[in-house]
Each structure stands twice: as C-alpha cells, then as structure tokens.
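Q: Whatever this is, show me its structure:
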Amino acid sequence: MQVTSLSFIGDIYPGGDIGKKAALDPDYAPLSSITQRFTDNTIIVANLESTIARTDTPVPKYATLLADPDIIQRFKEITVAVLGNNHVGDYGLQAMIDTREHLENAGIRTAGLGVNLQDALKPAIITRNELRIGIVSLSCISTNGQNYAGTGKPGVAPLSTKLLRHTITSSRKECDVLIPYLHWGEERSHAPVIDQIRLARLAIDWGADAVIGSHAHVIQAYEQYKGKWIFYGLGNFLFPDVSANQLNPDGTRESVKLNQAEENRQSLVVNLQVSKERVQLNKVLPVMYSSDELTPYPITMDRLTFDLDDLNKKLQRFSRRAAKNICHDREPVYRTSFFNNNLVHRYESPSFLYAHTGIMDRILRMMDTLRSFLVRNRKFRRNPCS
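A: Numbering: from 1, shown residues only. Alright, predicted model coming up:
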C-alpha cells in the first residue's frame, strides 16, 4: 500500500513585514524549519490570505492585505494555495484574478477562487503515487468578505450548506481523497461555533475524508467524527502585524496597527498519511513565530497560550450530549450589524461552550470553567503569558 504525506498549514499573509524582510535577506526561507520535518514529496496545503498583485488601489474596508508577486518564490514549497478567504479580493476583481495567475505560473495550484462560481468550486487535484487528492475551498459569509463568485462574476466560493454538499458530491467523482479547507468561525475564539461543528459533520457525511478550517487567527479545537478528523481552525502560521483603516465618528479615517498577540502567532501543522484505503492522522505539530524573525518553528503543546487538550475534551462532551440537536442541513443564520462603515455578519449560533442544552449542561460548564481557571492559574503562575 503506497502512502502519501499531506500537510496542512494555517493562515499566511505574505506581505507587510515579510516583504520587507525578504527584500533585505536573500536567504530568507520562512517555511524551512517546518518543511524539514516532513519528507521531500509531502504535499503542502496553505491558506494564502492576501491579494498578490502589483496594484495600489484597495477596496474600502477595515483591513486590506497586499503582497508583491515576487514574494511567491519564498513560499515555493507550497503545493496548493487555498484562496477561498476574505482578503484575496482586497484590491478588486482584476487583482484577485492576477493573484491566482501569479501562483499558478509559479507552479502552485489554487482552490476556492475562479472566474465564476462553477470555476471557484472546482477542486485542486494533485496526483501522487497514483492517488488523486482533491482540495476544495469555500469561505463563509461570517468572514465578511466582499468578493463572492456568482454566475459570470469572478470571486471566491461562498460557503453554504447547499454549495458545500454540491461541491463534495460532484468532486468525489474526480478524487480518491477529498478534503474541504473552509474559511469560517469567529475571529480570536478558540472554540468553534455550533454551525462550524454542524457543517463539518455534514461534510463528512456527504463524503469528505477530513475537514480543515481557518480564519479565527487562533488555534481552535479539533476532534474525530465517524473516524475522520476535523480541525476547526489551524491559526496563523505566518501573519505579520496589519495596518487597518479606522473610521472615526466625525467621518475621518486614521491608520491603526493591529499587533499580533502571542496567541495569534501560534498555529497547528497537521500531517496526514493518505492512501486509497484510509486517511490517517500522523502528526499534529504546534508551531510559533516571533514578530522579528517571522520564521515559524516547532514548539511543544505546553507552550500554547491555552489548554488545547482540555478544550478538545469539552468538545467531545458537547458532541456526545448535543449530537442529535445539531443534526440538520439548514443554512446557517447570521446577525448583521454596522461596523466601520460596513455591514458585518456574525453567527446566530453560539460557541459550543455557551450552547444551552439543559440545566445539567450549564452546571457542567460552570465546573469546566472553574477547573480551567485553577489549571491555568497553576500552570502560568511563574511564567505569565503576555
């Protein structure tokens, strides 16, 4: 049985300070300390969260991310760039299409972006050891992107229950292994919302072999469902500080810097061993980068800013109690509000930590919160996190 190594890494913004560092250091290789952990023929899939084009005309939004196409050579180890996210269209439709073209010309396959909806939903298929591995990419409306594809309209693939099912069932005919990489969830929250859990399980019920997620910019919980792995959020693999445009009450705008805290500089690298017979989890590698070095390096689980194992156990308990209550294929519902002169959408469904499923569940959540506080206080007393 031939086995293929398949690695997933989280959010990458290859602009800002990364571009400056690359200009000063011809030997800068941001993936070097991670890729050496895997075999030379490992397939690497990453969420590339930026416009990559030569332009200077952003769309009006809070934060716009741009990188020069020359930076792609520093990330040449990536096999598939996932583009179904809320920043690939930050500089308009043409720059978005240019992003895909620059990557494809450099030998990096792309998923999640197309000249129309049908094109955006197509899987990126990589063939290794006579095994066809498909990656599909969709972006949730909760990420507040302004770049969704439509009939005759370029953009990213929007995440809905109906489109997710269609994409998986149609792509399965072309692939031996199929894995959706989904852009979703609440930013800076380690706990997935119930709609993430529900959609991930539906994806597996419909034929996905695993589910990978991103967008929260922090690590989220992960679990097994029907023997298949779901990673709700890998976190920021390499995401330098970002400049944003803050709208003041008097109508003026000012530039503010969004600094990446320690939890935003940690992520998971997930390595799967895949064959026609099975998809097996081989390694979950926590990594971190500093704002100065901008080169992710492996760390141990106890270096994480939160107790990931404890969160996973809470997710397992929730899954056992609430599995029947979240087993439906309705479309997610969102709450809309106004922020920084833009409409923003948030999930109506709460984090699984705050889901109300009965009095006993509330008591157990209170006990979990108390236990986590005591563990955290003991763990970080001598070395507090920033």
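
Q: My read is that Leu159 contacts Leu138, right?
A: Yes. Counting by CB atoms under 8 Å, Leu159 touches Leu138, with 3.9 Å between them. Where C-beta positions appear, they are placed from N, C-alpha and C, glycine not excepted.

Q: Now do the contacts for Phe8.
A: Residues counted as contacts of Phe8 (CB atoms under 8 Å, 6 or more residues apart in numbering) are Ile44, Val45, Ala46, Tyr181, Ile212, Phe231, Leu234, Val269, Val270, Asn271, Leu272.

Q: so which strand or helix has it?
A: strand 4-12 (DSSP states H and E).

Q: And the next helix or strand past that strand?
A: Following strand 4-12 in sequence order, the next helix or strand is helix 17-24 (DSSP H and E).

Q: how many degrees apart are that following helix and strand 4-12 in direction?
A: 100 degrees (axes from the mean of the first three to the mean of the last three CA atoms, to 10 degrees).

Q: Restrict the helix or strand following helix 17-24 to CA atoms and write it as PDB.
A: Moving toward the C-terminus from helix 17-24, the first helix or strand encountered (DSSP H and E) is helix 32-35. Extracted C-alpha coordinates of helix 32-35, given in PDB (Å, rounded to 0.1, in the frame of the first residue of the first chain):
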ATOM      1  CA  SER A  32      12.400  26.000   6.100                       C
ATOM      2  CA  SER A  33      12.200  24.900   9.700                       C
ATOM      3  CA  ILE A  34       8.800  23.300   9.100                       C
ATOM      4  CA  THR A  35       9.300  21.500   5.800                       C
END
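
Q: how about helix 32-35: buried residues?
A: Ile34, Thr35 (16 or more other CB atoms under 10 Å).

Q: Next SSE downstream of that helix?
A: Later in the chain than helix 32-35, the nearest helix or strand by DSSP H and E is strand 43-48.

Q: quick one: which helix or strand includes Ile179?
A: Going by DSSP H and E, Ile179 is part of strand 177-183.

Q: Tell me which residues are up against stretch 129-137.
A: Contacts of stretch 129-137 (CB under 8 Å, 6+ apart): 2-4, 6, 43, 45, 80, 82-85, 111-113, 121-127, 156-157, 167-168, 171, 174-183, 274-276.

Q: which other helices and strands contact the strand holding Ile179?
A: strand 4-12, strand 43-48, strand 131-139, helix 161-171, helix 194-205, strand 211-214 (3 or more CB pairs under 8 Å, 6 or more residues apart in numbering; DSSP states H and E).

Q: let's go with 7 Å and repeat that
A: Identification of packing neighbours for strand 177-183 by 3 or more CB pairs under 7 Å, 6 or more residues apart in numbering; DSSP states H and E yields strand 131-139, helix 161-171, strand 211-214.
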